[in-house]
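S.K.: Here is my input, please return the structure:
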Amino acid sequence: MASNPTCFLENRGVISVSGKDAAEFLQGLVSNDVTRVSESHAIWAAFLTPQGKFLHEFMIAKTADHYILDCEKSRRDDLVARLSRYKLRAKVTIEASEGADVAAAWGEGVAENFGLELKAGASTNIEGALLLVDPRLEDAGIRLIGSRAALEPLTEAVGCHQTPSAAYASHRIILGLPDGSQDMEVEKALLLENGFDELGGVDFDKGCYIGQELTARTHYRALIKKRLLPVKIEGASPPPGAALTAAGKHAGEMKSSVSGYGLALVRLGPWQSAEDGVLTAGDSKITPVPPPWMKLPSLSGA
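M.R.: So this is what the prediction gives:
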């Protein structure tokens with residue numbers, strides 16, 4: 001049995017949504033199809049402004065009587081408040097799960113070590129914990145949700161070794177996976193600039209939800225001209241928000257970074273026209289490295 005790295009994701013928190021109308025309630029609000037969520041399958045989704053701009057992203061899983069949202073911990077109260085505005089007469093309870101933690105484990109054979117099928121979104125409940133393969137990408141590993149007292153012995157039982165959270169940050173950055181508002185600007189970012197299409201975070205056939213119109217229009221009219229891309233950094237890591245340039249032209253901005261890798265929101269035209277595909281941020285060289293799952297337009301369409 002391989003020894004997989006694991007760590008607690010201190011920046012992630014948990015929300016519980018329960019009640020007779022919980023499924024219908026969530027279905028009318030989020031970007032993905034909640035009818036696909038079951039005790040054996042989880043999804044990734046977003047909650048948008050009415051204008052179709054990013055507010056929150058989260059994974060949605062299910063226990064016997066609750067929907068569980070793995071979301072940004074620092075912005076959890078904001079998400080609870082925003083969802084609650086739409087309750088009206090719906091029989092639904094929305095509350096932060098203060099006793100629940102979120103951990104990640106990744107590496108070769110990690111899903112099988114926990115008894116999960118290696119399939120994005122596969123989930124199960126075991127020994128007081130909710131386990132799911134990252135619904136965005138199988139290579140990302142698994143999420144474990146529950147009390148720390150339940151999760152620690154569970155990971156120890158399959159031989160996982162604790163590692164700093166920076167190791168997981170590096171792992172997800174290289175894969176090109178955004179992590180909430182540190183990579184997507186609140187009330188400005190578009191889902192399709194940030195991989196929600198290819199990573200299964202939006203359903204174009206599910207029917208109406210808040211912000212659907214702009215998301216559908218950018219999809220069907222191919223209006224995306226920027227993408228969140230993994231980048232290699234040669235030199236000092238630019239701070240989040242630092243401008244990227246190509247031959248003196250604005251070419252995007254940095255997002256999160258760690259250990260010589262980062263994510264950057266890159267303007268496709270200037271990047272694809274740049275010599276050797278290298279951008280600059282101050283004295284640092286920034287080289288975008290699109291992951292295999294990403295579909296990019298040609299230069300003529302950028």
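S.K.: what residues are up against Gly195?
M.R.: Gly195 sits next to 136, 176-178, 201, 227-228, 293-294 when contact means CB atoms under 8 Å, 6 or more residues apart in numbering. Where C-beta positions appear, they are placed from N, C-alpha and C, glycine not excepted.
S.K.: try it again with 10 Å
M.R.: By CB atoms under 10 Å, 6 or more residues apart in numbering, the contact set of Gly195 is 44, 136-137, 176-178, 184, 201-202, 227-229, 291, 293-295.
S.K.: what about the strands in the stretch 151-300 of the chain?
M.R.: 161-162, 226-234, 243-246, 249-258, 261-267, 279-281, 284-288 (DSSP state E, counting those that start in this stretch).
S.K.: Quick check: which of the ones you listed is buried the most?
M.R.: Most buried of the strands of the stretch 151-300 of the chain by mean neighbour count (mean count of other CB atoms under 10 Å) is strand 261-267; its value is a mean of 25.
S.K.: List the buried residues in stretch 52-66.
M.R.: Using 16 or more other CB atoms under 10 Å as the test for burial, stretch 52-66 gives 52-62, 66.
S.K.: wait, isn't Ala45 in contact with Leu55?
M.R.: No. Taking contacts as CB atoms under 10 Å, Ala45 lies outside contact range of Leu55: 11.5 Å.
S.K.: re earlier: so which of the contacts of Gly195 comes closest to Thr218?
M.R.: Val202 (10.4 Å; CB to CB).
S.K.: From Ala274, how far off is that closest one?
M.R.: As judged by CB to CB, to the nearest Å, Val202 and Ala274 stand 29 Å apart.
S.K.: In terms of pLDDT, where does the nearest residue to Lys188 once chain neighbours are set aside sit?
M.R.: Spatially, and ignoring its direct neighbours in sequence, Lys188 is nearest to Lys53 (5.8 Å; CB to CB, 6 or more residues apart in numbering). Note for Lys53: predicted pLDDT of 97.
S.K.: For the helix-or-strand element of the chain with minimal mean pLDDT, list every residue counted as buried.
M.R.: In the chain, no helix or strand scores lower on mean pLDDT, DSSP states H and E than helix 212-220, which sits at a mean of 89. By 16+ other CB under 10 Å, the buried positions in helix 212-220 come out as 212, 214-215, 218-219.
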